[in-house]
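> Fold the following, please.
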Amino acid sequence: MGFAGIALFAPSVVRAEVIRRNISSFRIHEWQDHFEALGKGIIISDTETRALQHWTADGEMRIYPTSVPLTDELTKRGYTEVVEKRENPSWAPTPSMRERNPEWPALVEGGDPANPLGTRALYLSWQYYRIHGTQDTRKIGRRSSNGCIGLFNEQIEEVYERTPVGTQVKLI
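Here you go, the predicted structure:
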């Protein structure tokens, strides 16, 4: 009996497999497992499940799909915090990006449709690392960045408004 025969006689086995895959690909974290207090707020970005969870100081949590770094070598993990916020940020490639891609421009002004930082950026205490928007919506849910965490522009605008400087961040 082939797979089709098994499905006819045991459809619950097939359904259980599909459900298991969906559940295992998504995980919600509890902020208490990573931080001692909410403080000004918390962001946890999970590079494996490509999701960002954001808690405000009053405990409201929202979750967003993200893009993540292309490779583990480009991924920094651990604790950091939001140290600056910019609307329509300009973008300049890092020295290592320029080395890998010398044809890239030295600077892309904020508001330019070619700007990979989108409409808002949260600057982290780690040099060159950001949580930012993107005009290229195909990147969300994929390994597509050079180190940053990307969100849809509409969603980074929401996170930006709800996130004060000093918000705690953990990338896992």
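
> List the buried residues of stretch 36-54.
For stretch 36-54, the neighbour count (16 or more other Cβ atoms under 10 Å) marks 38, 41-47, 49-54 as buried. (C-beta placed from N, C-alpha, C; glycine too.)

> next one: stretch 70-79
75-76.

> End to end on it, go ahead and measure it.
20 Å (Cα to Cα, to the nearest Å).

> ok, so what distance separates residue 146 from residue 73?
According to Cβ to Cβ, to the nearest Å, residue 146 and residue 73 sit 11 Å apart.

> next one: residue 66
For residue 66, the distance to residue 73 - Cβ to Cβ - is 19 Å.

> Now do residue 133, the pLDDT please.
Residue 133 is assigned 95 on the pLDDT scale.

> Which parts of the protein are strands?
Assigned by DSSP state E, the strands in the chain fall at 41-46, 51-56, 61-65, 68-69, 78-87, 120-124, 130-134, 143-145, 149-152, 168-171.

> Reformat those strands as a markdown table; add distance to residue 158.
Shown next, in a markdown table, are the strands of the chain (distance: least, Cβ to Cβ, whole Å):
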| stretch | distance to residue 158 |
| --- | --- |
| strand 41-46 | 13 |
| strand 51-56 | 9 |
| strand 61-65 | 8 |
| strand 68-69 | 19 |
| strand 78-87 | 13 |
| strand 120-124 | 9 |
| strand 130-134 | 10 |
| strand 143-145 | 20 |
| strand 149-152 | 9 |
| strand 168-171 | 16 |
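
> got a list of what residue 81 touches?
124-125, 166-169 (Cβ atoms under 8 Å, 6 or more residues apart in numbering).
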